[in-house]
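Q: Predicted model and sequence follow; I will ask about them next.
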Amino acid sequence: MLNADREALAMELSSLAERLKGGGPATDEVSRGLESVLTRLGARPGSSDDSERARRDEAFGLVTRFACAVDDLVWSAWSDAIAPGSHLVRRARLAASLDGYLRGQPGMTHEMLEADLAALRLVTAAMIAAIGRGGRGFAHQLSQRLSPEAIRASVPTGLFGHQARCWAHYMSLAGGLTPDALVEELMRAVRESARQLAEGRASEPPEHRD
């Protein structure tokens, strides 16, 4: 607030105080004057500070509900589909941890809440990263298995009809690559990649190695 604004408010308050010195009831004019001063100071309900506080509370509620929904979704996918036997498990639902922390529940410390959020962030990041990492690993393995070089290397040379036998070998390998089989193999690669990343056992995919 500028000095000129402060001086104007001080003069207005002084004038209102003089009107009230007589001890009589406050007139509508004095009441309106006080409301004007309080509003400009941000000290009455409906002030800009109250509006900002309400927006902050609303935004906090939205983010909290989103985070708790993500917490349930991610941990459910992790424990049921991605890594049922992993040692990484959820200590408690984020909604329960937040509620206990905000209520001052004994034993629910800032460090515990921070650890819950860190575990959620780790598992979420691992699952997202595994989509690309596991997919690349699956594609690399499949291309290596069905590449012309791999096919030729797996069929003995020096015999008549080598080309035909290479084709027959390729057909036998590709015959099992049904859509269901490919999807299952891809998902297995993604699950394994997510678990390795979350548990700190990940290494570079084969195509990224020197």
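A: Thanks, I have it. Residues are numbered from 1 along each chain as shown.

Q: following the lowest-mean-pLDDT helix or strand in the chain, which helix or strand shows up next?
A: One helix or strand of the chain scores below all others by mean pLDDT, DSSP states H and E: helix 28-41, with a mean of 59. Once the chain leaves helix 28-41, the next helix or strand it forms, by DSSP states H and E, is helix 48-77.

Q: Okay, buried residues for the one helix or strand E149 maps to please.
A: If you go by DSSP H and E, E149 is part of helix 148-154. For helix 148-154, a neighbour-count test (16 or more other Cβ atoms under 10 Å) marks I151 as buried. Yep, even glycine has a C-beta here, placed from its N, CA and C like the rest.

Q: other SSEs contacting it?
A: helix 162-174 (3 or more Cβ pairs under 8 Å, 6 or more residues apart in numbering; DSSP states H and E).

Q: contact partners of the helix it packs on?
A: 145-146, 151-152, 154-155, 159 (Cβ atoms under 8 Å, 6 or more residues apart in numbering).

Q: which one of those residues is nearest A129?
A: R145 (24.3 Å; Cβ to Cβ).

Q: For that closest one, which residues are in contact?
A: L173.

Q: Renumber starting at 8 from here on
A: With the count now opening at 8, the last piece we talked about shows up as R152.

Q: in the helix or strand where it lies, what's buried?
A: Using DSSP H and E, R152 sits in helix 117-153. The neighbour-count check on helix 117-153 (16+ other Cβ under 10 Å) flags 120, 123, 126-127, 130-131, 133-134, 137, 140-141, 143-145 as buried.

Q: now, the most widely separated pair of those?
A: L120 and F145 (37.2 Å).

Q: coming back round to it: CA atoms only for the helix holding E156, dumped as CSV, please.
A: In CSV, the C-alpha atoms belonging to helix 155-161 read as follows (Å, rounded to 0.1, in the frame of the first residue of the first chain):
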residue,chain,number,x,y,z
PRO,A,155,17.8,-63.0,-41.8
GLU,A,156,21.2,-63.3,-40.0
ALA,A,157,19.7,-65.2,-37.1
ILE,A,158,17.7,-67.5,-39.4
ARG,A,159,20.7,-68.3,-41.6
ALA,A,160,22.9,-68.9,-38.5
SER,A,161,20.4,-71.4,-37.1
